[in-house]
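>>> can you look at this prediction? I've put the sequence above it.
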Amino acid sequence: MTLPERQLANAIRALAMDAVQAANSGHPGMPMGMADVATVLYSDYLKFDPADPKWADRDRFVLSAGHGSMLAYAALHLAGYARPTIDDIRNFRQLSSPCAGHPENFELAGVETTTGPLGQGVATSVGMAIAERHLNAIYGDDLVDHRTWVIAGDGCLMEGINHEAIGLAGHLQLGRLIVLWDDNKITIDGSTDLSTSEDVKARYTATGWHVESCDGHDPADIRRALNAALADDRPSLIACRTIIGFGAPNKQGTSATHGSPLGADEIAAARKELGWTAEPFDIPVDIAAEWAGFGDRGKALHSEWNDRLANSDRKTEFSDRIVGKVVPGDAFKAYLDGLVAEPPKVATRKASENTLSALTADIAALVGGSADLTGSNNTKTSSTKPLTKADYSGRYVYYGIREFGMAAAMNGMALHGGVVPYGGTFLVFADYCRAAIRLSALQQQRVVYVMTHDSIGLGEDGPTHQPIEHLQSLRAMPNLLVMRPADAVETAECWALALAQENRPSLLALTRQNLPPLRHDVTENLCAKGGYRLRDASAARKVVLVATGSEVSLAIEIADKLEAAGHGADVVSMVSTELFDEQTAAWQADILPDDALIVSIEAGTTFGWERYTGRTGLRFGIDSFGASAPIEDLFKHFGLTADAITPQILAKLGN
Ligand SMILES: Cc1ncc(C[n+]2csc(CCOP(=O)(O)OP(=O)(O)O)c2C)c(N)n1
Ligand SMILES: [Mg+2]
């Protein structure tokens with residue numbers, strides 16, 4: 001280092017305050033406060049090659065405090081990544097720029113994960129660190145040997161998910177995970193004294209973490225703390241005491257710098273205070289050159305790694321795995337054939353387990369888990385031994401009762417690459433992890449949610465456990481594939497579809513109760529159409545019954561009764577409304593013809609089904625909370641039986 005490090009850090013500060021000022025929107029305080037820490041991290045610690053942001057063995061850097069996005073953009077730009085360019089930064093927060101308000105993984109190759117919802121970055125990084133240790137256990141230090149670095153704010157540590165995330169990380173002793181806490185004692189409302197008296201460091205220590213503190217404006221002290229973290233086998237928290245908005249003489253140390261432009265006067269004063277004479281968006285050549293050299297270390301390591309990969313007899317296997325090639329093989333085909341030979345009457349959660357037995361045998365990248373409902377979610381197979389701190393090569397994570405932590409960790413695994421995560425809980429608890437499901441969808445990650453006990457069909461556990469609005473509310477989420485299979489064949493097809501989705505998560509809604517086999521052919525994956533005719537009307541078609549999951553067999557019973565009364569009725573299995581909506585207009589019109597009465601049946605809210613039934617169709621479902629009783633009593637009580645529904649359809653037909 002030839003220049004004073006403060007000047008190198010001031011490049012981040014200047015870009016942050018100028019970009020926020022230009023956008024008239026954004027958060028200068030955090031980047032200005034953590035600039036010194038970030039500069040030390042990039043100069044001497046973070047392993048990266050700006051020429052190849054996706055190099056598999058790079059360190060992962062997660063800006064959990066996503067509002068400080070300008071810190072990430074400034075560092076990527078200064079370190080020599082192709083994007084963001086200085087023009088991208090000039091256009092911070094504008095439509096044309098990849099420098100979005102918060103960092104988005106799909107906007108910039110150097111952004112490892114979308115952050116902004118506080119707390120999730122740390123929780124996501126736990127999944128990255130799990131994936132790293134897992135792949136290291138399989139491929140060794142030669143190919144996989146990197147760290148996950150996180151910058152987190154008070155908010156990230158205050159959020160409830162932090163408890164789940166660090167509990168898991170501490171338990172699994174993820175020593176490659178290092179969280180740099182921007183310990184500035186300020187949040188939006190003011191001092192953290194307003195809302196917390198927690199001893200954060202004691203909490204981390206109690207959870208099995210190594211904890212350090214440092215002066216976040218003293219590079220030597222920062223290095224000392226980072227070195228201590230590197231030397232410790234436990235995950236590390238480094239409390240970096242900083243001043244928010246460091247360098248803005250009248251506003252620093254206050255929440256005024258958190259989320260508003262500093263204003264022209266204060267920026268001028270900060271330039272003076274920091275000794276920064278360059279024009280906005282102009283980086284002095286000596287500073288730019290020094291920053292540009294930070295990647296040299298990583299470039300050299302990358303080239304050595306390339307040689308090791310080239311000489312590895314597992315080169316193809318590793319490379320295929322990292323890019324996410326996933327192909328169901330012989331075990332899956334044999335399983336499908338078995339379903340035709342001997343159609344089982346099983347719950348779809350059991351059908352999912354049977355499918356997974358075949359898939360996990362075929363596909364090494366599948367890493368499963370459950371939030372303490374392994375026996376109920378049927379997520380564990382004989383191929384997936386536990387992943388533990390003693391053996392990271394295992395493929396089954398006991399997430400504990402941490403649904404949100406599990407979902408965020410799965411996002412991290414998927415983002416890391418080399419792992420295709422799936423994890424289970426009860427469908428009703430999708431609400432507990434919904435914010436992470438949303439980030440799976442936004443980030444376009446192949447994460448598979450195995451959500452069992454998908455209706456009142458779960459019975460006696462009652463209304464707290466019975467999903468009502470969940471299916472429709474999840475279908476409302478963009479880029480999430482919700483699938484509710486009706487039997488074992490459909491369940492297998494849905495799994496194949498879930499694994500084929502390279503750019504979106506899937507959620508399988510599965511029953512607790514047994515369902516009769518309905519499909520007896522596996523020549524074509526019919527679930528891929530989203531909705532398809534499972535049975536054609538015999539008499540002239542008057543009715544189309546559109547049902548999902550456990551209600552498809554009910555629809556068949558109703559169709560029998562309608563046919564007996566002389567009314568032809570199709571039965572459509574609407575496995576996935578998203579996939580159905582993606583079909584051609586001709587397919588949709590053929591499945592849901594205008595000249596028939598369309599009737600929807602799903603043991604959940606009727607809200608939203610009018611988009612298929614129209615206002616003139618009929619919708620059967622449950623628009624209240626459920627109840628605690630045996631399953632047969634519940635379906636009767638809520639009017640979801642052939643005896644209750646058929647007369648209403650006949651009445652509508654004018655009989
Ligand atoms: C889940 C969630 N809740 C609320 C917000 C809105 N928000 C953004 S930053 C922030 C304050 C965070 O304080 P801290 O992490 O200390 O950041 P600092 O002010 O120090 O930069 C809040 C409440 C958010 N982004 N995510
Ligand atoms: Mg803070």
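That came through fine. Given the structure is predicted, the values throughout are model-derived calculations rather than measurements. Ligands and ions are numbered 1, 2, ... in the order given.
>>> OK, contacts around the residue in the stretch 251-400 of the chain that ligand 2 sits nearest to?
Closest residue of the stretch 251-400 of the chain to ligand 2, Cβ to the ion: His258 (7.6 Å). Any C-beta I mention is one placed from the backbone N, CA and C, and that applies to glycine too. The neighbours of His258, taking Cβ atoms under 8 Å, 6 or more residues apart in numbering as the test, are His27, Gly29, Met30, His67, Ile186, Thr187, Ile188, Ile244, Gly245.
>>> correct me if wrong: the last one contacts Thr257.
Put plainly, it is Gly245. Yes. Using Cβ atoms under 8 Å, Gly245 makes contact with Thr257 at a distance of 2.8 Å.
>>> give me the common contacts of these two.
With Cβ under 8 Å, 6+ apart as the test, Gly245 and Thr257 both reach Pro28, Gly29, Met32, Lys251.
>>> nearest to Gln466, of those?
Nearest to Gln466 out of the shared contacts of Gly245 and Thr257 is Gly29 (Cβ to Cβ; 45.3 Å).
>>> hang on, the closest one packs against Gly245?
Yes. Using Cβ under 8 Å, Gly29 makes contact with Gly245 at a distance of 4.2 Å.
>>> give me the common contacts of the two.
Thr257, His258.
>>> ok, how many other residues are close to the residue of the stretch 401-550 of the chain found nearest ligand 1?
Closest residue of the stretch 401-550 of the chain to ligand 1, Cβ to the nearest ligand atom: Ala435 (7.3 Å). Ala435 has 17 neighbouring residues, counting by other Cβ atoms under 10 Å.
>>> and for the nearest residue to it once chain neighbours are set aside, the neighbour number?
Closest residue to Ala435 apart from its sequence neighbours, by Cβ to Cβ, 6 or more residues apart in numbering: Pro117 at 5.7 Å. Pro117 has 21 neighbours, counted by other Cβ under 10 Å.
>>> wait, is Pro117 part of a strand?
No. Using DSSP: H, G, I helix; E, B strand; the rest coil, the secondary structure at Pro117 is coil, not a strand.
>>> residues in contact with the nearest residue to Gly295 once chain neighbours are set aside?
Distance criterion Cβ to Cβ, 6+ apart; nearest residue to Gly295, sequence neighbours excluded, is Pro50 at 4.5 Å. Neighbour list for Pro50: Leu76, Ala79, Gly80, Tyr81, Ala82, Gly110, Gly295, Gly298 [criterion: Cβ under 8 Å, 6+ apart].
>>> do stretch 162-180 and ligand 2 meet?
No. Stretch 162-180 lies apart from ligand 2 when judged by Cβ under 5 Å from the ion; the minimum separation is 12.7 Å.
>>> hang on, the earlier thing: among the contacts of His258, which are in helices?
Mapping these onto helices (DSSP state H) picks out Gly29, Met30.
>>> can you show me the strands along the stretch 401-550 of the chain?
In chain order, the stretch 401-550 of the chain shows strands spanning 420-426, 448-452, 481-483, 506-509, 514-515, 531-535, 541-547, with DSSP state E, counting those that start in this stretch as the criterion.
>>> same list, those, but as a markdown table with distance to ligand 1 please.
Output for those, formatted as a markdown table (distance: least, Cβ to the nearest ligand atom, whole Å):
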| stretch | distance to ligand 1 |
| --- | --- |
| strand 420-426 | 21 |
| strand 448-452 | 20 |
| strand 481-483 | 24 |
| strand 506-509 | 22 |
| strand 514-515 | 38 |
| strand 531-535 | 36 |
| strand 541-547 | 37 |
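>>> cool, thanks, signing off.
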